[in-house]
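Asks: Task: produce atomic coordinates for the following.
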Amino acid sequence: METTWKILSIQAKDGLISQAKYFVSAVDKDQTVETEGNWTFREPVLVVPFLEVSENMIIDWIKAWIFIKRWINCLR
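Replies: Model prediction:
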């Protein structure tokens, strides 16, 4: 399966990325699923200077939070 992520837009507050609108496409042989969503960073912190943040960094942050949320839900 091939998954493609794109960041469509971001919102920042006080120099920190607070929200990201994303698009994800998953293709497996002849089947495709696409979705868009909005991710809110509830407690944004400055890890990288704003002007140095890349699309891949934002995607990795979202993926990490999705993994953490799933893991926590499994523990419940």
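
Asks: Please count neighbours and contacts with C-alpha atoms only from this point.
Replies: OK.

Asks: For the host helix or strand of Phe67, name the packing helices and strands.
Replies: Assigned by DSSP states H and E, Phe67 falls within helix 55-75. The helices and strands touching helix 55-75, judged by 3 or more CA pairs under 8 Å, 6 or more residues apart in numbering; DSSP states H and E, are strand 2-13.

Asks: CA-only coordinates of the following helix or strand past the strand it packs on in PDB, if you can.
Replies: Where DSSP H and E defines the elements, the next helix or strand beyond strand 2-13 is strand 16-28. Extracted in PDB, the C-alpha atoms of strand 16-28 (Å, rounded to 0.1, in the frame of the first residue of the first chain):
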ATOM      1  CA  LEU A  16       3.900  28.400  16.700                       C
ATOM      2  CA  ILE A  17       2.000  26.100  14.400                       C
ATOM      3  CA  SER A  18      -1.400  25.600  16.000                       C
ATOM      4  CA  GLN A  19      -3.300  23.900  13.200                       C
ATOM      5  CA  ALA A  20      -2.700  22.000  10.000                       C
ATOM      6  CA  LYS A  21      -5.100  21.000   7.200                       C
ATOM      7  CA  TYR A  22      -3.900  17.800   5.500                       C
ATOM      8  CA  PHE A  23      -4.800  15.500   2.700                       C
ATOM      9  CA  VAL A  24      -4.000  11.700   2.800                       C
ATOM     10  CA  SER A  25      -4.300   9.200  -0.100                       C
ATOM     11  CA  ALA A  26      -3.900   5.500   0.300                       C
ATOM     12  CA  VAL A  27      -3.600   3.300  -2.800                       C
ATOM     13  CA  ASP A  28      -3.600  -0.500  -2.700                       C
END
